[in-house]
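A.B. asks: structure here, sequence nowhere to be found:
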């Protein structure tokens, strides 16, 4: 599972992944925002529809943005219905545990598949006090474990476990029946997810749990430098890049 935000990226990732997540991480990767909190439903719909257009085989899951589902199960249903109807995606993802179990069950019973997300939940950054790993204290460990069990029992078809100590991830894997998707959790999760820009090495600074499989940021920088030099030195465009009038 990787994130995708555009049709072209979805095309490139589609044959390699099982799931494409249209993550609200687009706040940072696309819009340069400091957190995911400013993301709107309209933003998620626009990017979700683009990813669906670029995908052929993957399940496309769209994040429900902050403020679009927490108020009540009814609000969540309206938001989720809009996301699926206007994007063509197959499922939604929401953050939260015990407090969101009723909403997960409400959506599932009305035909909306839900992927849950527990542990380090970025939409709760102001309450959590930052992006530090979770589950290091007994109370936090127990709460996150209970969160995972609650959303799984409520009918989530998969649970993302983010940024937790590995023993906690292993306990959750053993306790719930639905697939687990790790990000900073454990290699023993059923699947893994990364933000595609992090995986490609687009940013200099990333979380501890990120492995960059390329240095695309540096390669883009080098390509832009070569392009700019070619233009300034009038080496581009070359003759083969130009149009000529028909010969007489």
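C.D. replies: Done, it's in. Every value quoted in this text rests on a predicted model; they were computed, and no experiment measured them.

A.B. asks: got the buried residues for stretch 165-177?
C.D. replies: 165, 168-173, 176 (16 or more other CB atoms under 10 Å). C-betas here are computed from N, CA, C, even on glycine.

A.B. asks: all strands for the chain, in order.
C.D. replies: Remark: strands assigned in the chain by DSSP state E are 2-3, 19-22, 59-63, 91-95, 114-119, 158-162, 180-183, 191-192.

A.B. asks: quick one: residue 9 from residue 205, how far?
C.D. replies: Plainly put, residue 9 is 21 Å away from residue 205 if you go by CB to CB, to the nearest Å.

A.B. asks: those two: which has the busier surroundings?
C.D. replies: residue 9 (20 against 6; other CB atoms under 10 Å).

A.B. asks: spit out the contact partners of the nearest residue to the more buried one once chain neighbours are set aside.
C.D. replies: Excluding the flanking residues, the one nearest residue 9 by CB to CB, 6 or more residues apart in numbering is residue 196, at 6.5 Å. Each residue near residue 196 by CB atoms under 8 Å, 6 or more residues apart in numbering is listed here: 2-4, 9, 13.

A.B. asks: and if you look at residue 51?
C.D. replies: 4-7, 9-10, 20, 22, 60, 87, 89.

A.B. asks: nearest to residue 248, of the residues you listed?
C.D. replies: Nearest to residue 248, judged by CB to CB, of these is residue 7 at 43.5 Å.

A.B. asks: isn't that closest one up against residue 53?
C.D. replies: Yes - counting by CB atoms under 8 Å, residue 7 does reach residue 53; the two are 4.8 Å apart.

A.B. asks: hang on, the earlier thing: how about the buried residues of stretch 165-177 in a markdown table, adding distance to residue 187 and pLDDT?
C.D. replies: Shown next, in a markdown table, are the buried residues of stretch 165-177 (distance: CB to CB, whole Å; pLDDT from 0 to 100):
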| residue | distance to residue 187 | pLDDT |
| --- | --- | --- |
| 165 | 14 | 98 |
| 168 | 14 | 98 |
| 169 | 9 | 98 |
| 170 | 10 | 98 |
| 171 | 15 | 98 |
| 172 | 14 | 98 |
| 173 | 11 | 98 |
| 176 | 17 | 98 |
